[in-house]
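A.B. asks: quick one, fold the following:
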Amino acid sequence: MRQPDLLVVGAGPVGLALALALKDSGLAIVLADARPRAAVLADPRVLALAHGTRLTLERLGVWDALPVTPIRRIHVSQQGGFGRTELRAEDYRQPALGYVVSAGALAGALRAAVERSGIPILDETEVTALTPQADAVVATLVATLGSPAASAPDDAPCRARLVACAEGRLDVGSRDVVERDYRQHALIARIDVDGGHRDRAFERFTPQGPIALLPCDSNFALVQVVSPERADELLAIDDAGYVAQMQERFGTRLRFGTVSRRHRYPLGLRYRRDPAGARTVWLGNAAQTLHPVAGQGFNLALRDVWALADTLLRHRGDPGGAAVLDAYADSRGLDRFGAIHFTDALVRVFSNDFAPLRQLRGAGLLALDLIPPLRDFVARRMMFGARAWP
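C.D. replies: Prediction:
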């Protein structure tokens, strides 16, 4: 294998987007992913794409190939309290506030474009060690047992001038990693609603936790946030019982139908204080894992990707040089920490049934509805990030 300038660890949407953004950079790029190709493309998770993310995917040339569902309105309310607001795309002269797509479909479109560019992707290849040196990072690549690559191993270590870790969990317990356990689990499913979604999304704050409904294909993608104990209870009841409790949370605004199989995963906040180190940069879930309450995770990751690509294109020479990575980290400070703390603040305020906070939530939603500049600030942050531009 040719020794790359850039080794991208992870061939999911984040890693693929970085490779595609740099396809004409002149850098030798290789991607490695421990998963089989089919597993990445079959990822059923649903991603909410901000309008700014659409603009980036258009620049990458993959937008037209994506089966997206637009979000033209977002209705925000709380159960058992006053205050509501609605964000509308037409108020900002945009075709949509955001879009919904499956992670597998997005990975498929990005992968097809990367493959057309000729950038190699090593599937079923795990990166088991990264050792920074003065002029390169030495990476140990191990083919997964039973994979096609395992029959023809390459014993030579991979030496890359820069490694971008775009997949995997953060190092729990590391001094550079900030952690917060919200003691919440998310239940995810697909749920039908009478009359269809009409390109509307809903964020409903309830005493047991927030519920998000995202229009996806012909039904809604559902994310319900509850305590671990309540998650146990909701997974134990049958579909009819689950739909009934959802109906209770939403009242008569929506009439729910059938629900798919429910899945759960724990929620917390984890992020690296510094997204760049010695000839290494971390992106996506390897850099930060956010609560899904505002749908900011992938959108922030893609802004990180675009900024890193832009930095590498503007600073020719050694892509892993300290000055280059410092410039990247400095460029991401405002947006990255703004998104992290904005999401964390929403969780703390809107996932608490403490009576004074419930009244404060109602007042905040009422203010959003009555004060257009405040509503515009929230809408533009959701569409474009902390800097409120693409």
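A.B. asks: low-scoring stretches of the stretch 201-350 of the chain, by residue?
C.D. replies: Within the stretch 201-350 of the chain, the stretches with pLDDT under 70 are 350.
A.B. asks: helices of that one, residue ranges please.
C.D. replies: Ranges of helices in the stretch 201-350 of the chain, per DSSP state H, counting those that start in this stretch, are 228-236, 239-250, 297-314, 322-350.
A.B. asks: cool, the stretch 51-200 of the chain as well?
C.D. replies: 51-59, 103-117.
A.B. asks: redo the helices of the stretch 201-350 of the chain as CSV? Include distance to R261 and mean neighbour count.
C.D. replies: To be clear about C-beta, it is placed using only N, CA and C from the backbone, and glycine gets the same treatment. Shown next, in CSV, are the helices of the stretch 201-350 of the chain (distance: least, Cβ to Cβ, whole Å; neighbours: other Cβ atoms under 10 Å):
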stretch, distance to R261, mean neighbour count
helix 228-236, 10, 14
helix 239-250, 9, 15
helix 297-314, 23, 22
helix 322-350, 26, 17
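A.B. asks: which among those is found nearest to A129?
C.D. replies: For the helices of the stretch 201-350 of the chain, the distance to A129 is smallest for helix 322-350, at 20.3 Å, taking Cβ to Cβ.
A.B. asks: for the closest one, packing partners?
C.D. replies: When contacts are defined as 3 or more Cβ pairs under 8 Å, 6 or more residues apart in numbering; DSSP states H and E, helix 322-350 sits against strand 177-193, strand 263-272, strand 276-277, helix 297-314, helix 355-370.
A.B. asks: can you say which of these is nearest to P132?
C.D. replies: Using Cβ to Cβ, those put strand 276-277 closest to P132, at 7.5 Å.
A.B. asks: report the contact partners of A96.
C.D. replies: 51, 54, 70-72, 89, 199 (Cβ atoms under 8 Å, 6 or more residues apart in numbering).
A.B. asks: excluding covalently adjacent residues, which one is nearest to it?
C.D. replies: P70 (3.7 Å; Cβ to Cβ, 6 or more residues apart in numbering).
A.B. asks: residues contacting that neighbour?
C.D. replies: 89, 95-96, 98-99, 199, 215.
A.B. asks: from those residues, which two are the most distant?
C.D. replies: For these, and using Cβ to Cβ, no pair is farther apart than P95 and P215, which are 14.2 Å apart.
A.B. asks: looking at those two, which is more packed in?
C.D. replies: P215 (24 against 11; other Cβ atoms under 10 Å).
A.B. asks: where do the strands sit along the stretch 1-150 of the chain?
C.D. replies: 6-9, 29-32, 46-50, 69-71, 73-78, 84-88, 98-102, 121-122, 125-132, 137-143 (DSSP state E, counting those that start in this stretch).
A.B. asks: can you list the strands that the second one pairs with?
C.D. replies: With DSSP bridges as the criterion, the sheet partners recorded for strand 29-32 are strand 6-9 (parallel), strand 121-122 (parallel).
A.B. asks: mean confidence score for the last one?
C.D. replies: To tie it back to what came earlier, the one meant is strand 121-122. Averaging pLDDT along strand 121-122 gives 96.
A.B. asks: the first one now?
C.D. replies: In this model, strand 6-9 has a mean pLDDT of 97.
A.B. asks: run through who's touching that strand.
C.D. replies: 15, 18-19, 22, 27-33, 127, 137, 139, 158, 160-168, 286, 319.
A.B. asks: the last one too?
C.D. replies: For strand 121-122, the external contacting residues (Cβ under 8 Å, 6+ apart) are 11, 30-33, 37, 111, 114-115, 141, 149.
A.B. asks: from those, which would you call buried?
C.D. replies: Neighbour-count burial within these applies to 11, 30-33, 111, 114, 141, 149; the criterion is 16 or more other Cβ atoms under 10 Å.
A.B. asks: those: which two are farthest apart?
C.D. replies: Most distant of the buried ones among the contacts of strand 121-122, by Cβ to Cβ, are R111 and L141, 19.2 Å apart.
A.B. asks: mean pLDDT lowest for which of the strands of the stretch 1-150 of the chain?
C.D. replies: Among the strands of the stretch 1-150 of the chain, strand 84-88 scores lowest, with a mean of 80.
A.B. asks: got the angle for it vs strand 73-78?
C.D. replies: On the basis of axes from the mean of the first three to the mean of the last three Cα atoms, to 10 degrees, strand 84-88 is oriented at 170 degrees to strand 73-78.
A.B. asks: what's the angle between strand 84-88 and strand 98-102?
C.D. replies: Using the same axes, to 10 degrees, strand 84-88 lies at 80 degrees relative to strand 98-102.
A.B. asks: quick one: contacts for the residue nearest to L267 when sequence neighbours are not counted?
C.D. replies: With sequence-adjacent residues excluded and distances taken as Cβ to Cβ, 6+ apart, L267 is closest to Q184, at 4.5 Å. The contact partners of Q184, by Cβ under 8 Å, 6+ apart, come to 209, 225-228, 266-267, 291, 347, 351.
A.B. asks: which of these are buried, as a PyMOL select command?
C.D. replies: Buried members of these, defined by 16+ other Cβ under 10 Å, are picked up in PyMOL with:
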select buried, resi 209+225+226+267+291+347+351
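A.B. asks: how's this protein carved up into domains?
C.D. replies: 6-63+102-175+268-341, 69-99+183-267 (automatic domain parsing).
A.B. asks: highest average neighbour count across these?
C.D. replies: domain 6-63+102-175+268-341 (a mean of 19; mean count of other Cβ atoms under 10 Å).
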